[in-house]
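[1] sequence and predicted structure below; questions after.
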Amino acid sequence: MGMAVSLDLSDDLPLPELERLAHGVFDWLRVVDTIFSTYQPESEISRLGRGDLRRADCSPVVGEVLDRCAELWRETNGYFDVNAGGTLDPSGYVKGWAVQRACDRLLAEGSANHCLNAGGDLFVRGAPGGGRDRWRIGIRHPWEALSVAWVLEITDQAVATSGTYERDPHVLNPFTGKPATALRSVTVVGPDLGTADAYATAALAMGLPGIDWLATIEGHESAVVTEDGRALRSDGLPVATDARQT
């Protein structure tokens, strides 16, 4: 998937069972990459985007993803747009959706305590053990790679961050066709990682108006760092009170 993916299984299960669960997660992510990678010309999503494959002939998950992306386009007033760059690219939803699916499978197969992190977008369930009942998640400082802007304490929640600090401005405002640059980092916390990922991408594309838009989303909390250095967060963001943040 072009990024580091890590899995932490903290269930008290036999090692062979933990290995089976882990293999299942990474096998699933490889399947997703094969179907949805925009870097592979023969993936289903690349062929569909070129018109070499009909949607009806794609895997069922392609239709599922594109239907949800259409809903997210409406929910974000058009700012989450899988065609913003001129080619079909649902990557802003797919990564989070794939991780969420994997975590839901883990729960169904007996893992109630885990963290799956794909390039900084993650879902946590249960507890990490060691006497803690919540996972501690650091949100990277958008200028200082070894520092954190916030430390969250969460369980059974998703955290997605969209920013300009690793790949430079790459999220396009679909109404102007230009890269969004007013916000340096947008983090969204919510119950579903695919949705949180899309909301973070949409807010980044909006620029400064995205800050007010994030405040209208029920059931989600957010944190934003602007390009001019302001750090803003919603009142309900689950920030750890005993962590040093910069």
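    Everything's here; your move.
[2] alpha carbons only for contacts and neighbour counts from here, please
    Fine.
[3] and the closest residue to R125 other than its chain neighbours, how many neighbours?
    Distances taken as C-alpha to C-alpha, 6 or more residues apart in numbering place D156 nearest to R125, at 4.2 Å, with adjacent residues excluded. Neighbourhood size, D156 [other C-alpha atoms under 10 Å]: 18.
[4] next one: P60
    Under the neighbour criterion other C-alpha under 10 Å, P60 is assigned a count of 10.
[5] what of Q100?
    If you count neighbours by other C-alpha under 10 Å, Q100 ends up with 23.
[6] just the buried residues of whichever strand or helix holds it, please?
    For Q100, the host element (DSSP states H and E) is helix 91-108. Neighbour-count burial for helix 91-108 flags 91-103, 105-106 (criterion: 16 or more other C-alpha atoms under 10 Å).
[7] would you state the helices of this structure in chain order?
    Under the criterion DSSP state H, the chain carries helices at the ranges 15-36, 44-50, 60-75, 91-108, 193-206, 209-214.
[8] point out where the protein drops to low pLDDT.
    1, 167-168, 243-246 (pLDDT under 70).
[9] change it to 80
    1-2, 166-169, 241-246 (pLDDT under 80).
[10] circling back to that earlier point, the helix holding Q100 vs helix 60-75, what angle?
    In terms of direction (axes from the mean of the first three to the mean of the last three C-alpha atoms, to 10 degrees), helix 91-108 departs from helix 60-75 by 120 degrees.
[11] other SSEs contacting helix 91-108?
    If contacts are counted by 3 or more C-alpha pairs under 8 Å, 6 or more residues apart in numbering; DSSP states H and E, helix 91-108 sits against helix 15-36, helix 60-75, strand 114-118, strand 121-125, helix 193-206.
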